[in-house]
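[1] here's my sequence, what's the structure:
(one chain, ligands or ions: 4)
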Amino acid sequence: MAGPIFWLISNILLYDQGGLYPLFLSGQAIFYLFALFGYLGDQYFEHSEPFVLFYYLAMMNAAQVVGLWRSLTGSQNFAWERLPISGDWDRDGADTIGLYNPATSKFYLKPENVTGYGGVNIFDFGPAGGGRIPIVGDWDGDGLDTVGLFDPQTSKFYLKPENIAGDDGVNVFVFGPAGAGRIPIVGDWDGDGIDTIGLYNPIKGLFLLKPENVGGNDGILVFKFGPIGGSRLPITGDWDGDGSDTIGLFDPVTSRFYLKPKNNGGRDGLLIFKYGLPDGGRIPITGKWGISTGD
Ligand SMILES: [Ca+2]
Ligand SMILES: [Ca+2]
Ligand SMILES: [Ca+2]
Ligand SMILES: [Ca+2]
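    Ligands and ions are numbered 1, 2, ... in the order given. Sure, this is the predicted structure:
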């Protein structure tokens, strides 16, 4: 395999491994790393046929990366299809992708962002068809990311201590109102190495960040960012490499990212860029993919 090729366009590096690689195949869900893909000025080009799904990685200033995942149908409905996740499943410092199938409540964790099925960790967690949303975090600060689930119907979080089947040691708590259409987020808001959860309320454009993974509202940080009632999706990451995660938004309609340097309201230092095709069919993901720029 030829070495990776990088294009530097504005602050975004697009990563190309020199061709199209089926990364993971499960039913109708396929990751590809990487379709020939580039973005030059206003012109996109990509090899899109006959391939139906693409997985894009981008790196900004070699500090933090974002990606996009597109489902077969372009649906962003969280209640069906497979949902993309990412995390450091083996504590090597690099995040790799995974999938969650809400219909079966199975997780599929990839050990590397490369072609093939090798080493994929498949396990059941949660009820099949339960309408839950997958989350990922380092709940105990040991450097290993494990999965969790959020049930929008009850606003219950289920955090797993290990990436194996079953309910042993699962931390279950309620945060937020049941059935309110909130979207779960995860991050290390205070930089102590432990990820805690939060919620994004798209109706009010509110972020609610929890300092601990327990029930209740003690110590939560609440601020407004972005439009109210919009279709934007929340993302989180350490965009500036200072050890603390901050929030962002992705607008599927325009394919624009809005990354906040601090967890507060306002637009100070806001990083805005466009990445991916604005067809409304992509789900944003973030991770430290371990891609080196060689500088
Ligand atoms: Ca890893
Ligand atoms: Ca952990
Ligand atoms: Ca923390
Ligand atoms: Ca940060």
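[2] hmm, Asp242 and Gly191 touching each other?
    Yes. At 7.3 Å, Gly191 counts as touching Asp242 under the criterion of C-beta atoms under 8 Å. No exception for glycine: its C-beta is placed from N, CA and C like everyone else's.
[3] where does the stretch 1-150 of the chain dip in pLDDT?
    1-82, 113-117 (pLDDT under 70).
[4] show me which residues of it are close to ligand 2?
    Within the stretch 1-150 of the chain, the positions near ligand 2 by C-beta under 5 Å from the ion are 138, 140, 142, 144.
[5] distance of the residue nearest to the last one when sequence neighbours are not counted from ligand 1?
    Distance criterion C-beta to C-beta, 6 or more residues apart in numbering; nearest residue to Leu144, sequence neighbours excluded, is Arg91 at 4.7 Å. The gap separating Arg91 from ligand 1 is 7 Å, by C-beta to the ion, to the nearest Å.
[6] give me the secondary structure label for Arg91.
    coil (DSSP: H, G, I helix; E, B strand; the rest coil).
[7] repeat for Phe223
    strand.
[8] hang on, it packs against Phe207?
    Yes. Phe223 lies in contact with Phe207 (C-beta under 8 Å); the separation is 5.7 Å.
[9] and the stretch 101-250 of the chain, which residues reach ligand 3?
    So the stretch 101-250 of the chain meets ligand 3 at 188, 190, 192, 194 (C-beta under 5 Å from the ion).
[10] send the alpha carbons of the helix or strand hosting Leu199 over as CSV?
    Counting by DSSP states H and E, the element that carries Leu199 is strand 196-201. The C-alpha trace of strand 196-201 is given here as CSV (Å, rounded to 0.1, in the frame of the first residue of the first chain):
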residue,chain,number,x,y,z
THR,A,196,-18.5,12.5,31.7
ILE,A,197,-21.8,12.8,29.9
GLY,A,198,-23.9,15.8,28.8
LEU,A,199,-27.0,16.5,26.8
TYR,A,200,-27.7,18.8,23.9
ASN,A,201,-31.2,20.2,23.6
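[11] what pairs with the next helix or strand after it, and is each one parallel or antiparallel?
    Using DSSP H and E, the helix or strand that follows strand 196-201 in sequence is strand 206-209. If you go by DSSP bridges, strand 206-209 pairs up with strand 196-201 (antiparallel), strand 221-224 (antiparallel).
[12] ligand 1: which of the ones you listed is closest?
    strand 196-201 (20.9 Å; C-beta to the ion).
[13] show me where the stretch 151-295 of the chain has strands.
    Under the criterion DSSP state E, counting those that start in this stretch, strands of the stretch 151-295 of the chain are mapped to 156-159, 171-174, 183-187, 196-201, 206-209, 221-224, 233-237, 246-251, 256-259, 271-274, 282-287.
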